[in-house]
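In: Need the 3D shape of this:
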Amino acid sequence: MNPDMDDVGPVLAALADPTRRLLLGALAEEGQASASRLAARLPVSRQAVVKHLQLLEQAGLVSGGRRGREVLYQVQPESLEASARWMADLAASWDRRLNALKRAAERSLATDDRQGDM
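Out: Purely as a prediction, here's the structure:
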C-alpha cells in the first residue's frame, strides 16, 4: 500500500469537521496561537477547541509546544500536502479512466455509423 495513502484517512477525517477546518485556517493565518486565542475567534468553548486541536494533532495537521503556561499550536503542512498529492493522483487516475471510456465510446459510435452506411 502507498505510504501516503496510510496518512490520508486521519487527515480527511479530521478535515470533515467544519470547526476543525476553521481552526486550521485560523492557525494558518496567525502562524501560532493558543487554544484560548483560537476559542476567542470561534463560537465554541476553549475546551472544545482543545479537543479539536488534539484530533488535528493526531492527524499530523498541527503541533503544539509549551511556552510558559500555555501551549502554542501551529500548522504542520506535511500531512495536508501528502493528502493533496494522493487526491491529485486519484483525480489523474480517474481522468485517464474516463478518457479511455470516452475513446471507447467514440470508437463504438464510429463503428456503428460505418455499419449503418452499408
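In: C-alpha only now, for contacts and for neighbours.
Out: Fine.
In: any chance you could map the helices in this structure?
Out: Residue ranges of the helices in the chain, as given by DSSP state H, are 3-15, 18-30, 35-41, 46-58, 77-116.
In: in stretch 58-72, what counts as buried?
Out: Of all the residues in stretch 58-72, those buried under the rule 16 or more other Cα atoms under 10 Å are 59-64, 72.
In: what does stretch 82-100 give?
Out: The neighbour-count check on stretch 82-100 (16+ other Cα under 10 Å) flags 82-83, 86 as buried.
In: Take those and write them to CSV, including distance to A33.
Out: Formatted as CSV, the buried residues of stretch 82-100 follow (distance: Cα to Cα, whole Å):
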residue, distance to A33
A82, 24
S83, 24
W86, 29
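In: For R20, which residues are in contact?
Out: 14, 52-53, 56 (Cα atoms under 8 Å, 6 or more residues apart in numbering).
In: and the closest residue in space to L15 that isn't next to it in sequence, how many neighbours?
Out: The spatially closest residue to L15, leaving aside those adjacent along the chain, is R21, at 5.7 Å (Cα to Cα, 6 or more residues apart in numbering). Close neighbours of R21, defined as other Cα atoms under 10 Å, add up to 15.
In: measure R21 to A110 for me?
Out: Distance of R21 to A110, given as Cα to Cα, to the nearest Å: 49 Å.
In: and what of R69?
Out: For R69, the distance to A110 (Cα to Cα) stands at 73 Å.
In: same thing with P18?
Out: From P18 over to A110 the distance is 48 Å, taken as Cα to Cα.
In: Likewise for V49?
Out: 60 Å.
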